[in-house]
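J.: what follows is a protein structure lacking sequence information:
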């Protein structure tokens, strides 16, 4: 190994250590939440810089624009950033927060055709020329035509002899998942609670997608009634009327019909302050009883609102606490996020 | 290297020498982008001591290349013979340009006074440093050595770049009992172990203040006086030596790149075929693009200006006495341009170069400034010079090593109107405190008020 590779490995090791050390902090870092669509995560890590006595004020415009500094002359103005592949970043976060591995159940749908170069063709790009097969053809031809002479066994392949490695489509089953988020908007969720929900659903999505690259997402809101919305709409603050938790569960049941259990790992997450209409709880529990066996997980996060606490968490745990598809948790504030996330993922 | 390039290297060398450039042999090597990234991270050397920041730099150079954000065409290392690396895959013309460019750098290293004291055997030195640190890691554990390196590197800019020139009479040593062997500073504690530490009473009786006068060579001071293990002293010396080695390069960036650009243009232009001329023009335009601060552009234009001014006799008291408008038209042909250029190359660093030749006439002619902005010129120039001072780092002196008669360190930032980054400065003071073992103070100005930052107090 070249010395610089050794230094690079050490650098990456330090970055990894830093990510794990600060996993809880990253959980709520807004600038991270935005950038997860790409393949690479940029993590600001000023700790990973050798500090020096430098000027603090940015160097303003002078003659010639800017001024030396950015160009390797003394201190520059860049923020030290470490870049990690998204997958590696998630694995480190998962390790640090003890997030459980999700197990795909069932084979899933045949969705992807994996191409492998397993056959031979007569046409193809130069780079894929199959030398042994080409020479074999050449030998055959020269034997047939009587050109072959033992004392000079040279083979000159002609156009018709050329053989190429060729791709063959091979269908491959691919586990897939659907995750459905339901949010209670019955007037008691404020921006603060909403931000907890946003953070949780963000990490839940990432973690599920880490295990099921083919992930579909659906979002629904409810107060006394439930309706489906876009992802964007889902996270906007708004006020509604009273609460019927069952409305969300019944709509979820409807929506999930499009994702047959045999092919999909089905996740349902429900965020509420737990204050349900008195008569609705039995209806909700009954719907849940029907749904649970078909779900990979039903995650219920009870977020504490400004007006105290509802009782649905207790009620659902009382009725269905034994079921392993149930993951219910209470979230009172940011400090609960790490634990809540672990619970909601079945850990 | 390819035969074709070898031939060009020879041909260009002959041209350069005919033009009176003088330089040691240059060893060219073509390297791929990965190796170039490695060399760039390692400051031009194939071997450095183990440290993660080289890995981080290496990664950065690799990414920059991979995403097409820039490429390093060439690396020249100030050694004798000079080592020069060319990026594999460049066109023949680009390689020719780079070769001519490299010869001018080699000439600059050999003849500019700022480089006079730099050792020319750094290739071996760097390898020795690497071996020293690796041995220390084996003996004392990789992590503890790394931790010490992290600490020491945060002080790497606390050197006095003029140290190699200063010849102070050493304070008369208390009679040297044993002859001292002259070796590299980082090996000194091994070859010439210090005598028994002075008894406490004697220490108290010593009236010699430490340091005897304010010094900017804080790294050197710590290596000598901080309570450290020999390997730790060795590492401080290594870092200091490497910092001092790189200091002249930072102090002459504009002049050196200008010089190299001037010469590759001059050496190559007459040799170009018509097809090559277009490619050359493109490369040159990229190199001299006026985006932001471009040392190539500034250095090149300013050297051309010097040549023209001295060719046309635009200097001397008679010229200086003219008002601005007439200066631009003044002419008294002397043909002194070439001689002046060589003198500039020999005696100047960026600061003195700009101080002397960056004139309002030049700024006007090159449209660095609009005529109506001329009143701003002096201020802007002063700001630029300030940024070049001490390689862009604040100047910090060690004033007293027995502050408050408690053996504490007292440093002073020579405040010139720009405040320090507080967070980073405090982190450095923490490191200093850990090294020195006693509290450390730094006088500076923060939020407009004179302030004493302290660590460990």
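T.: Cool, the structure landed. None of these values were measured; they are calculated from a predicted model.

J.: low-confidence stretches in the stretch 101-250 of chain A?
T.: Scanning the stretch 101-250 of chain A for pLDDT under 70 picks out the ranges A:105-116, A:169-174, A:187-189, A:237.

J.: please enumerate the strands of it.
T.: In the stretch 101-250 of chain A, the strands defined using DSSP state E, counting those that start in this stretch lie at A:109-121, A:164-174, A:176-184, A:214-222, A:226-229.

J.: what's the shortest one packed up against?
T.: Read that as strand A:226-229. For strand A:226-229, the packing partners by 3 or more Cβ pairs under 8 Å, 6 or more residues apart in numbering or on different chains; DSSP states H and E come out as strand A:214-222, helix A:245-256. Quick note: C-beta positions are derived from backbone N, CA and C, even for glycine.

J.: and chain B, which of these is closest to it?
T.: strand A:214-222 (28.4 Å; Cβ to the nearest Cβ).

J.: in the closest one, what's buried?
T.: Buried residues in strand A:214-222, defined by neighbour count with 16 or more other Cβ atoms under 10 Å in any protein chain shown: A:215, A:217, A:218, A:219, A:220, A:221, A:222.

J.: and stretch B:287-295, by the same measure?
T.: B:287, B:293, B:294, B:295.

J.: which residue packs closest to the last one, ignoring adjacent ones?
T.: In this structure, residue B:295 finds its nearest non-sequential neighbour in residue B:254, 4.4 Å apart by Cβ to Cβ, 6 or more residues apart in numbering or on different chains.

J.: so that neighbour makes contact with residue B:301?
T.: No: between residue B:254 and residue B:301 there is no contact under Cβ atoms under 8 Å: 10.4 Å.

J.: and these two? Which one has more around it.
T.: Under the criterion of other Cβ atoms under 10 Å in any protein chain shown, the comparison of residue B:254 against residue B:301 puts residue B:254 first, with 29 against 20.

J.: and the more buried one, what element?
T.: In the assignment (DSSP states H and E), residue B:254 maps to helix B:253-268.

J.: how far off centre is that helix?
T.: Centroid separation for helix B:253-268 versus its chain: 18 Å, with Cα atoms, centre = their mean, to the nearest Å.

J.: does anything pack onto that helix? Which helices or strands?
T.: On a contact count with 3+ Cβ pairs under 8 Å, 6+ apart, helix B:253-268 meets helix B:3-18, helix B:92-111, helix B:274-287, helix B:295-311, helix B:337-347, helix B:350-357.

J.: mind listing what's buried in that helix?
T.: B:253-265, B:267-268.

J.: how about the helices in chain A?
T.: For chain A, applying DSSP state H gives helices covering A:3-21, A:23-27, A:30-34, A:86-97, A:131-145, A:191-211, A:231-234, A:245-256, A:280-291, A:312-320, A:337-344.

J.: can you put these in a markdown table and add distance to residue A:175 and mean neighbour count?
T.: A markdown table is the format used below for those (distance: least, Cβ to Cβ, whole Å; neighbours: other Cβ atoms under 10 Å in any protein chain shown):
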| stretch | distance to residue A:175 | mean neighbour count |
| --- | --- | --- |
| helix A:3-21 | 27 | 18 |
| helix A:23-27 | 26 | 17 |
| helix A:30-34 | 26 | 12 |
| helix A:86-97 | 16 | 18 |
| helix A:131-145 | 37 | 14 |
| helix A:191-211 | 8 | 19 |
| helix A:231-234 | 23 | 13 |
| helix A:245-256 | 17 | 22 |
| helix A:280-291 | 21 | 17 |
| helix A:312-320 | 26 | 17 |
| helix A:337-344 | 20 | 21 |
